[in-house]
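J.: got a predicted structure here, sequence first:
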Amino acid sequence: MIEAIAFYTFATLTIAMFTITVMSKNALYAMSALAAGMIFISGFFFLLDADFLGVVQIIVYTGAVMALYAFGMMFFDSTKDVKENNTSNKVVFLLSGMSALLLVVIFVAPIISDKVQALYPMKEGIGNAEAVGIVLFTKYLVPFEVAAVMLLVAMISGIIMASKRMDESLTLKDDDEIQEKAVQ
Amino acid sequence: MSGAFIIETIIKILIVLGLFSALAGFATYVERKVLAFMQRRLGPMHVGPYGILQVLADGIKLFTKEDFVPQNAVKSIFKIAPVITAATAFMAMAAIPMFPEFTIGGYTVRPIISDINVGLLYVLGVMAVGMYGPLLAGMASGNKWSLIGAARTTIQLLSFEIVTGLSVLAPLMMVGSLSLIDINNYQSGGMENWIIWSQPVAFVLFLIAGFAETNRTPFDLLEHEAEVVSGYATEYSGMRWGMFFIGEYANLFTVSFLVSIIFLGGFNDWGFIPGAIAILLKVFFFIFLFLWTRAAWPHIRPDQLMWLCWKVLMPVALINIVITGIVLMI
């Protein structure tokens, strides 16, 4: 009973939040709703007794959306509305309608064929984190390591892109020197 | 789920909410008194004996002040930001075992609202969500000082979160569990079993990250009075401003409880001192340490914070993890 109430509460909240994310013209509303929606999703993990994944969802998306805010802060005046220019309403409706249809098919198909079953059911006496670890380091070892290498590549390229002028520090310079740089 | 369980949980939630709101208010008084003592002043003296009713007077002032929303602010986000700070601070306390189990009239009470088996990660994650409060407040205020405060919130979160996670990893590898109760029980053999003796580096790193997590001096860049007026809180007044402070002081207690449980033996009996009093002593020592640091240390610059977190603390934490792993394997 409590599970059902909690599920429908979280479902409504999540859908409402992501609707605001898509519909709002204000960057601040959109990003806050995105963060809230991501955190409400963790509620589903907690309801399914997957505490570890729920907490990971919170931690990962807190940092990720926070970085998004940083970009929003740099590129927009977040208190003003953003003017959107839709070139063609037809394309927008077609694409969103098709993706909605696709999502419905994806989620309804397993229910109709009644083949939903857990491939790796939880065993008694194994905690959440251990269960994830066992699957990651046996069955999914290769994808896991490939993902790790890809993240490393992304990190190194990020550092190289950002570090072109890392040996100079603006805070240690006089105003005159900065002015000279700007003139050049 | 039985009825008794639901009633018990609701009572626990009410106790935690009431107690820590009151303690947060009282902590402001203690902070002013301790700072005054360190700076050879008297501090609040006029309201009640030794100024102890100052908290009440401040409360009345905050409640009766005008609830002011600036004209160019994004109204709903501006209003919701303080609630995020206060709510997440109390949500984080749900997974902290405050005291050892005790029995009232044959009914065993476990002083923890929800014992999930990833308690530590949950507390750290929810406390990090609390940083959205200052961020949203700063971005929604329509004020340049506030915006700088919000930008500083972002760099602070992105800097300290990784240090918190990595520093706490080494003790977790020794214990082998994310549950705070398991971590506490691991150290049950007396003072020589405390994790601080085997993980002193992790202890120092976690404490430094805790200062950044709760926006305390020397890392209180978000509302650095000398630089950005009051940072993210510049446009706030009355109870909305008060909620930021309740959240901040509640976080102070959360971090103190976390450090005591992970590194200093938690609520195990300490020699002849019973566990409940032992953990209170440790928590109040850390609260005092937070205030002491505020009196003794200057603020640091944002670039110094990033330098400290990414170039000093993170490599040290990584080396600590590698050494712990090698020792555990041998």
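T.: Cool, got the structure.

J.: pLDDT on the one helix or strand residue A:135 maps to, on average?
T.: Under the criterion of DSSP states H and E, residue A:135 resides in helix A:128-137. The average of the pLDDT scores along helix A:128-137 is 81.

J.: next SSE after it?
T.: Of the helices and strands lying after helix A:128-137 in sequence (DSSP H and E), the nearest is helix A:141-162.

J.: wait, does that next one make contact with chain B?
T.: No. On the criterion Cβ under 8 Å from any Cβ of the partner chain, helix A:141-162 is out of touch with chain B, staying 11.1 Å away. All C-beta spots, glycine's among them, are computed from the backbone N, C-alpha and C.

J.: if we can go back for a sec, how about the helix holding residue A:135: buried residues?
T.: By neighbour count on 16 or more other Cβ atoms under 10 Å in any protein chain shown, the buried set for helix A:128-137 is A:128, A:129, A:131, A:132.

J.: what helix or strand is the residue nearest to the first one when sequence neighbours are not counted located in?
T.: The shortest distance from residue A:128 to any residue other than its chain neighbours is 3.7 Å, reached at residue A:52 (Cβ to Cβ, 6 or more residues apart in numbering or on different chains). In this assignment (DSSP H and E), residue A:52 forms part of helix A:51-75.

J.: what's that helix packed up against?
T.: helix A:27-47, helix A:128-137, helix B:119-129, helix B:132-140, helix B:144-175 (3 or more Cβ pairs under 8 Å, 6 or more residues apart in numbering or on different chains; DSSP states H and E).

J.: what about residue B:34, neighbour count?
T.: With neighbours defined by other Cβ atoms under 10 Å in any protein chain shown, the count for residue B:34 comes to 19.

J.: just residue B:295 next, same as before
T.: Neighbours around residue B:295, by other Cβ under 10 Å: 14.

J.: enumerate the positions of the helix or strand harbouring it that are buried.
T.: Per DSSP H and E, residue B:295 falls inside helix B:275-296. Within helix B:275-296, the residues that count as buried by 16+ other Cβ under 10 Å are B:275, B:278, B:279, B:282, B:283, B:286, B:287, B:290, B:291, B:294.

J.: adding pLDDT and distance to residue B:217, write those out as a markdown table.
T.: What follows is the buried residues of helix B:275-296, written out as a markdown table (pLDDT from 0 to 100; distance: Cβ to Cβ, whole Å):
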| residue | pLDDT | distance to residue B:217 |
| --- | --- | --- |
| B:275 | 76 | 31 |
| B:278 | 84 | 28 |
| B:279 | 84 | 25 |
| B:282 | 87 | 21 |
| B:283 | 88 | 19 |
| B:286 | 90 | 15 |
| B:287 | 89 | 14 |
| B:290 | 88 | 9 |
| B:291 | 88 | 9 |
| B:294 | 86 | 4 |
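
J.: so who does the residue nearest the centre of chain B touch?
T.: In chain B, the residue lying closest to the centroid (Cα atoms, centre = their mean) is residue B:251, at 2.5 Å. Shown in contact with residue B:251 (Cβ atoms under 8 Å, 6 or more residues apart in numbering or on different chains): B:89, B:92, B:127, B:130, B:213, B:214.

J.: wasn't it part of a helix?
T.: Yes. Assessed with DSSP: H, G, I helix; E, B strand; the rest coil, residue B:251 lies in a helix.

J.: quick one: low-confidence parts of the chain?
T.: You didn't pick a chain, so chain A it is. For chain A, the stretches with pLDDT under 70 are A:86, A:114-116, A:118-122, A:124-125, A:165-172, A:178, A:181-184.

J.: I was after chain B.
T.: Applying pLDDT under 70 to chain B flags the ranges B:1, B:105-106.

J.: need the residues of it near chain A, please.
T.: Residues of chain B lying close to chain A (Cβ under 8 Å from any Cβ) are B:1, B:72-74, B:76-77, B:116-118, B:121-122, B:124-126, B:128-129, B:131-132, B:135-136, B:139-140, B:142, B:147, B:150-151, B:154, B:157-158, B:161, B:165, B:177-178, B:301, B:303.

J.: swap in 7 Å and give it another go.
T.: With Cβ under 7 Å from any Cβ of the partner chain as the criterion, chain B comes near chain A at residues B:1, B:72, B:74, B:77, B:116-118, B:121-122, B:125-126, B:128-129, B:132, B:135-136, B:139-140, B:142, B:150-151, B:154, B:157-158, B:161, B:178, B:303.

J.: around residue 22, how many other residues sit close by?
T.: Went with chain A since none was named. By the other Cβ under 10 Å criterion, the neighbourhood of residue A:22 contains 10 residues.

J.: the chain in question should be chain B.
T.: Counted with other Cβ under 10 Å, residues neighbouring residue B:22 total 11.

J.: which of the helices or strands spans it?
T.: If you go by DSSP H and E, residue B:22 is part of helix B:3-38.

J.: and that helix with helix B:275-296, angle?
T.: Between helix B:3-38 and helix B:275-296, the angle comes out at 40 degrees (axes from the mean of the first three to the mean of the last three Cα atoms, to 10 degrees).

J.: what are the buried residues along helix B:3-38?
T.: B:12, B:16, B:20, B:23-25, B:27-34, B:36.

J.: next one: stretch B:185-195
T.: For stretch B:185-195, a neighbour-count test (16+ other Cβ under 10 Å) marks B:186, B:187, B:194, B:195 as buried.

J.: how much space between the last one and chain A?
T.: Between residue B:195 and chain A the distance is 19 Å, computed by Cβ to the nearest Cβ, to the nearest Å.

J.: and that residue, what does it touch?
T.: Applying Cβ atoms under 7 Å, 6 or more residues apart in numbering or on different chains, we find residue B:195 in contact with B:171, B:174, B:187, B:262, B:263.

J.: which of the residues you listed has the largest number of neighbours?
T.: Each of these was scored by neighbour count (other Cβ under 10 Å); the top score is that of residue B:262, with 27 neighbours.

J.: so that residue makes contact with residue B:170?
T.: No. Assessed by Cβ atoms under 7 Å, residue B:262 is found out of contact with residue B:170, at 10.6 Å.

J.: quick one on the thing from earlier: quick one, the helix holding residue A:135 and helix A:27-47 angle?
T.: If you take the same axes, to 10 degrees, helix A:128-137 sits at 100 degrees to helix A:27-47.

J.: so which of the buried residues of helix A:128-137 comes closest to residue B:201?
T.: Nearest to residue B:201, judged by Cβ to Cβ, of the buried residues of helix A:128-137 is residue A:129 at 23.5 Å.

J.: could you find the closest non-adjacent residue to the closest one?
T.: Of all residues not flanking residue A:129 in the chain, residue A:52 sits nearest, at 4.9 Å (Cβ to Cβ, 6+ apart).

J.: can you list the residues of chain A near chain B?
T.: A:2, A:26, A:28-29, A:32, A:35, A:39, A:51-52, A:55, A:58-59, A:62-63, A:66-67, A:69-70, A:73, A:78-79, A:127-129, A:171.

J.: hmm, try it at 6 Å
T.: A:28, A:32, A:51-52, A:55, A:58-59, A:62, A:66, A:70, A:78-79, A:127, A:171 (Cβ under 6 Å from any Cβ of the partner chain).

J.: buried subset of those residues?
T.: For these, buried by 16+ other Cβ under 10 Å: A:28, A:32, A:51-52, A:55, A:58-59, A:62, A:66, A:70, A:78-79, A:127.

J.: for the helix holding residue A:135, name the packing helices and strands.
T.: helix A:51-75 (3 or more Cβ pairs under 6 Å, 6 or more residues apart in numbering or on different chains; DSSP states H and E).
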